[in-house]
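1. Need coordinates for the below:
(2 chains)
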Amino acid sequence: MTKRIAMAQLTSCWGCDQSLLDLHLGLLEVLPELEIVFWPAVVDFKIKDLESMPDESIHIGLVEGSCRTEDDVRLLNLMRAKSKILVAWGVCSCYGGIQGLANQWELDELVDRKFMKADTVTDPRIPSENVPAFVPQVRPNVDVVKFNILLPGCPPTSKNIVEALAAILTGKPFDLPEKSVCDQCPKVKQDKHITKFHRSHEGRIDPSKCLLDQGYLCLGFATIGFCGAICPTVNSPCKGCFGPVLRVKDHGAKIVSALGAIAEMEPEQLKDSFPDPIGSFYFTDYAASYLSRMRDKARSKKK
Amino acid sequence: MTNDKTIRIEPVTRLEGHGALTITLGAGNKVKDVQFNIGSTRFFERFLVGRPMEEVPRIAPRICGICPEPHHLASVKAVEAAWGVKPPPAAIKLRRLLIESKQLSSHAIHFYALAAPDFVFGPFADPSVRNVAAVLKYMPDVAVQAIKIMEFGQELCRDVGAKAIHPVTAIPGGMLNSLTEEERDKWLKAVPQLLENVQKTVDLAKTVVKAYIDVITKVAVTPTYYVGLSNKGVLDIYDGTIHVMDPNGTMVADFEPKDYTKYWGEHVPDHSYATHIYYKPAGYPDGIWRANTLARCNIAEKMATPLAQAALKEMRDLVGRPSHHTFAYHYARIVELVQAAESIKKLLEDPDIVCTDVKLSDVTPRAGEGVGVVEAPRGTCLHNYECDDEGIVTKANIIVATNHNVGGIEKSLMDAARLIFEQDGLKKLRLPEPLVKT
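-> Numbers count the residues shown, from 1 in each chain, chains lettered A, B, ... in the order given. Sure, this is the predicted structure:
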């Protein structure tokens, strides 16, 4: 029997959809198992069709993206109500995503920059007709509704997605790996003697050696090993885009404490090495950080 | 109180991104207003400020998961322009291979997954079958040829960019890695089958165009300006100057990307978070332009490759130049699909494609401003950054492809809505029997 599946996009880049399509001929095996009841990117069902379905009538609900608007929040709640198994599809859904970096500013500053102050804008105004209101900050979807499965990644690989779907379809548990990106990385690690950090465009990388050992900020040690260490394998430092290793609550805090222990540098010197600590240590999960949550709390109090 | 009737379509489906449609009808079904409501945005321009500029090409792809390669490359070009860096020639060839591969897979996905269901099953088929999953079920051969083109494009993107979705290898000063000879040979071996599948796509598209010529020539024929890159008259998606064609087909501007603010205006509508980019000297709404496949094909004097040039000629014989036929966008997409496939072959056959001299080692940040432009599948993609002398971003302006099109989309929706509601025009259209009856 086919399983009813819905895929909903909150504010996002739609890369998770592309990753699913990148199963290529594998789609021919997966799709016949599924009855697509909602997937705006591909099929013509509308919001009212989703609303009219009985609660828990969808076997598998995948939610991509995070909530930037009140419509996103409504769609997220709708997907929770209609789905038996709800999957946080991708790092935006799990931890807020890259757009969480916007939480460093107040909403009025963000809106002002985009609609009032952009160099090219000729008639500044803040759109208000037939568009949903923005929410003050991006929150991880798991703070809004309960999920059954987390599937992090920016995007999760096609393999990640098909493994999760296969587990759900066969009723098996789906567990995230205990490993880190470092555990999956083929590069040779030595004792660390980091006395200086390089920016990613500086110098020549020795392709055989660990990037962190060479002084590049590669975050594989603190990042969940779910991608197959794609970036460090090709000499591009891991930015941590799949989110933290299991059970770490705050990705950046884990990175900072580890760097303090690894680098043979004075704290001031270490601090000066990273002019952009939030962007450097919370690439796609600032919304899930203690810092962002504290700011969120202060914001609510002010109101 | 008015007796206006509002039709709301939410969401607009088979679309990448979040859109809704609001149509207001007055007395006698007169179309009073058509709005294309884009309901979200993420404020990249704000949170890019403060980031080291060399990191921006890793952030920028996240603007669009369907076309991350153009963002990756426009971004790295902007950084290089600001820092006065010129990457080695072999790196440029690799970048071209990357963007052509994306063009190939994106055009295939758009034609087969987003557009074809309307033609295969007919525009009035049950919505539950009007999708690519049904194409897979009823026309498996066609679906397999579609998947194989997409697979070629996406997997070649992966070999060059390390990740097909959110590539990482373009960095200021070049590319992190070269293509190995082994990889090159593998792709060269696959090229003949790709060209065969592309030819089958051309044949299918021509059948569809012939069958739906009444729709193409009568629905949403909407004169606008057009904008796009052109490299000395040749359609080029990686490099060139920005051209603007007016609705009569006269080229009214040809300028370096760095001068874009003189020509590009950004209208903020009250009803959409996606702004409308337009030809500033003509004002808004007169200066509404469109980008994307048809715009590039209108602007180009010729295509870069022979089969694509033949396809362009055939298209122009049918719809003219400039073509304002909104449905001809699909035809132009196929013309460009051919160019992408031929360009990939040409690049793979170039011995430089496996050259290992692809990265400068002495890149130094400096204070400055840079503009980087490429053509994304859906139109001109521009990144503009300013940084301080440490290379930290102090300002960013990004104009994504879609924003060139939303003003034109509303205009063509208005034309289509008038035909449907005021003239009852759908009944008069000659429609073929669907390829597949469900």
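2. and the closest residue to B:Lys77 other than its chain neighbours, helix, strand or coil?
-> Counting by Cβ to Cβ, 6 or more residues apart in numbering or on different chains, B:Lys77 lies nearest to B:Gly372, which is 3.0 Å off, once chain neighbours are set aside. Heads up, the C-betas are built off the backbone N, CA and C, glycines and all. Here B:Gly372 is strand, with the state taken from DSSP: H, G, I helix; E, B strand; the rest coil.
3. ok, now which ones touch B:Gly372?
-> B:73-81, B:257, B:382-384 (Cβ atoms under 8 Å, 6 or more residues apart in numbering or on different chains).
4. who's it bridged to?
-> B:His383 (DSSP bridges).
5. Give me the pLDDT value at residue 3.
-> In the absence of a named chain, this looks at chain A. In this model, A:Lys3 is scored at 96, pLDDT.
6. other chain: chain B
-> 84.
7. give me every residue that touches it.
-> So B:Asn3 contacts B:26-27 (Cβ under 8 Å, 6+ apart).
8. Got phi/psi on it?
-> Main-chain torsions, B:Asn3, degrees, to the nearest 10: phi -100, psi 20.
9. Distance of it relative to B:Lys30?
-> 11 Å (Cβ to Cβ, to the nearest Å).
10. likewise A:Met294?
-> 55 Å.
11. what's the neighbour count on B:Thr2?
-> For B:Thr2, the count of nearby residues is 8 (other Cβ atoms under 10 Å in any protein chain shown).
12. before we move on, what SS does it have?
-> coil.
13. Next, the contact list for the closest residue in space to it that isn't next to it in sequence, please.
-> Spatial nearest neighbour of B:Thr2, chain neighbours left out: B:Gly26 (7.6 Å); criterion: Cβ to Cβ, 6+ apart. By Cβ under 8 Å, 6+ apart, B:Gly26 lies in contact with B:2-4, B:32.
14. One more: B:Ile23?
-> B:6-9, B:31, B:33-35, B:413, B:417, B:421.
15. Closest one of these to chain A?
-> Distance to chain A across the contacts of B:Ile23 (Cβ to the nearest Cβ) is lowest for B:Gln35, with 6.0 Å.
16. Pull out the buried residues from the helix or strand where the closest one lies.
-> Under the criterion of DSSP states H and E, B:Gln35 resides in strand B:31-38. Neighbour counts over strand B:31-38 (16 or more other Cβ atoms under 10 Å in any protein chain shown) mark B:31, B:34-38 as buried.
17. near chain A, which of the residues you listed show up?
-> B:35, B:37-38 (Cβ under 8 Å from any Cβ of the partner chain).
18. near chain A, which residues of the stretch 201-350 of chain B?
-> Counting by Cβ under 8 Å from any Cβ, the residues of the stretch 201-350 of chain B near chain A are B:260-261, B:264-273, B:275, B:277, B:280, B:284.
19. Among these, which ones are in strands?
-> If you go by DSSP state E, these have B:264-267, B:277 in strands.
20. Strands of the stretch 101-250 of chain B, residue ranges please.
-> Chain-ordered strands for the stretch 101-250 of chain B, with DSSP state E, counting those that start in this stretch as the definition, fall at B:170-171, B:174-175, B:225-230, B:241-245.
21. Over to chain A?
-> A:3-9, A:34-38, A:58-64, A:83-89, A:121-123, A:149-151.
22. Output those strands as CSV; include the columns mean neighbour count and distance to A:Cys227.
-> Formatted as CSV, the strands of chain A follow (neighbours: other Cβ atoms under 10 Å in any protein chain shown; distance: least, Cβ to Cβ, whole Å):
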stretch, mean neighbour count, distance to A:Cys227
strand A:3-9, 23, 21
strand A:34-38, 19, 25
strand A:58-64, 26, 17
strand A:83-89, 24, 15
strand A:121-123, 15, 38
strand A:149-151, 22, 12
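23. Quick one: closest of the ones you listed to B:Val319.
-> strand A:121-123 (32.1 Å; Cβ to Cβ).
24. partners of the closest one, with directions?
-> Applying DSSP bridges, one finds strand A:121-123 paired with strand B:264-267 (parallel).
25. just how off-centre is the partner strand within its chain?
-> Once both centres are worked out by Cα atoms, centre = their mean, to the nearest Å, strand B:264-267 turns out to sit 19 Å from its chain's centre.
26. Show me how chain A divides into domains.
-> Domains of chain A are assigned by automatic domain parsing as A:3-100+A:129-170, A:181-294.
27. so what pLDDT did B:Gly370 get?
-> 98.
28. and it, how many neighbours?
-> With other Cβ under 10 Å as criterion, B:Gly370 counts 24.
29. Also the one 3 residues further on?
-> Counted by other Cβ under 10 Å, the residues lying close to B:Val373 total 26.
30. Please name the residues that touch it.
-> For B:Val373, counting by Cβ under 8 Å, 6+ apart, the contacting residues are B:74, B:77, B:229, B:242, B:257, B:260, B:380-383.
31. Wasn't B:Val252 part of a strand?
-> Yes. Counting by three-state DSSP, B:Val252 falls inside a strand.
32. Quick one: distance of the host helix or strand of B:Pro70 to the chain centre.
-> Taking DSSP H and E as the definition, one finds B:Pro70 inside helix B:68-83. Here helix B:68-83 is found 17 Å from its chain centre; the criterion is Cα atoms, centre = their mean.
33. Ok, stretch A:137-150 next?
-> With Cα atoms, centre = their mean, you get 11 Å for stretch A:137-150.
34. With just CA atoms, put that stretch into CSV.
-> The C-alpha trace of stretch A:137-150 is given here as CSV (Å, rounded to 0.1, in the frame of the first residue of the first chain):
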residue,chain,number,x,y,z
GLN,A,137,12.9,36.4,14.8
VAL,A,138,13.6,33.0,13.3
ARG,A,139,13.1,30.2,15.7
PRO,A,140,13.9,26.5,15.2
ASN,A,141,10.7,24.8,14.2
VAL,A,142,11.2,22.2,17.0
ASP,A,143,10.5,25.1,19.4
VAL,A,144,7.1,25.6,17.8
VAL,A,145,5.8,22.0,17.2
LYS,A,146,6.9,18.5,18.1
PHE,A,147,8.8,16.6,15.4
ASN,A,148,9.2,12.8,15.2
ILE,A,149,12.4,12.9,13.1
LEU,A,150,15.2,15.4,12.6
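35. How far does stretch A:92-105 stretch from one end to the other?
-> By Cα to Cα, to the nearest Å, the extent of stretch A:92-105 from end to end equals 18 Å.
36. do it and chain B meet at all?
-> Yes. Stretch A:92-105 is in contact with chain B by Cβ under 8 Å from any Cβ, via A:97-99, A:101-102, A:104-105.
37. just stretch A:31-39 next, same as before
-> Yes. Against chain B, stretch A:31-39 shows contacts by Cβ under 8 Å from any Cβ at A:31, A:36.
38. for the stretch 201-303 of chain A, what spans make up the helices?
-> A:230-233, A:251-262, A:267-273, A:277-281, A:290-302 (DSSP state H, counting those that start in this stretch).
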